[in-house]
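Chemist: fold the stuff below for me.
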Amino acid sequence: NEEEKRKEEEEKARVQAQKKDKQERLHSFKLMLLEKGVTPGGNWEKELPKFCFDTRYKTLLETPAERKAAFEGFTRSDVVRYKEKARKAAADRRAKALEAAAALLGGGGLSAESTFDAWFTENSSEVDPLTK
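Modeler: Down below sits the predicted model:
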C-alpha cells in the first residue's frame with residue numbers, strides 16, 4: 001500500500017516535471033516566433049518560411065501538430081507583452097546612462113554654462129602632467 005502511494009507520487013511528480021518542461025519549450029518556441037518577426041494570427045503557410053530553417057523549430061516541439069498549435073496560439077497579446085518588456089528594459093538602460101552622465105558632470109564642478117577653456121585652466125595639472 002505504501003509502495004503504491006510512493007509510485008503514484010513519483011508518477012505525479014514526473015508528469016508535473018514534463019508539463020513544466022513542455023510549458024518552457026512552448027514559451028521558447030513563442031519567443032523564437034517573436035524574434036523571427038512572425039505576424040500574430042497570420043497564415044501558417046505564409047509565415048512558415050520565416051522560421052522553418054531555424055534549428056529551434058524542430059528541437060523545441062516534437063510533432064508538427066504541436067508546432068502548428070503553438071503558432072495558432074501565438075497572439076497579439078504575446079507580442080504586446082514582449083515589446084512592453086523590451087521597452088521597459090530600454091528605459092532602464094537609458095535612465096542608468098543618464099545617471100552615469102550626471103555623475104560625471106557633477107563630479108568636475110561642471111554646469112550648463114561651463115566652457116572647456118575654463119575647465120581646462122582649473123584642471124590642467126590633473127589632466128595633462130606636461131602643463132605644470
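Chemist: number of nearby residues for residue 62?
Modeler: As a burial measure, residue 62 scores 11 neighbours (other CB atoms under 10 Å). Yep, even glycine has a C-beta here, placed from its N, CA and C like the rest.
Chemist: so it: helix, strand or coil?
Modeler: Three-state call for residue 62 (DSSP: H, G, I helix; E, B strand; the rest coil): coil.
Chemist: and it, how far from residue 46?
Modeler: Per CB to CB, to the nearest Å, residue 62 is found 24 Å from residue 46.
Chemist: element containing the residue nearest in space to the middle of the chain?
Modeler: Geometric centre of the chain, nearest residue: residue 86, 6.5 Å, by CA atoms, centre = their mean. Element membership of residue 86 [criterion: DSSP states H and E] is helix 76-107.
Chemist: so where's the longest helix in this protein?
Modeler: Determined from DSSP state H, the single longest helix within the chain is helix 2-35.
Chemist: which neighbouring elements make contact with that one?
Modeler: For helix 2-35, the elements it packs on are helix 55-60, helix 64-73, helix 76-107, judged by 3 or more CB pairs under 8 Å, 6 or more residues apart in numbering; DSSP states H and E.
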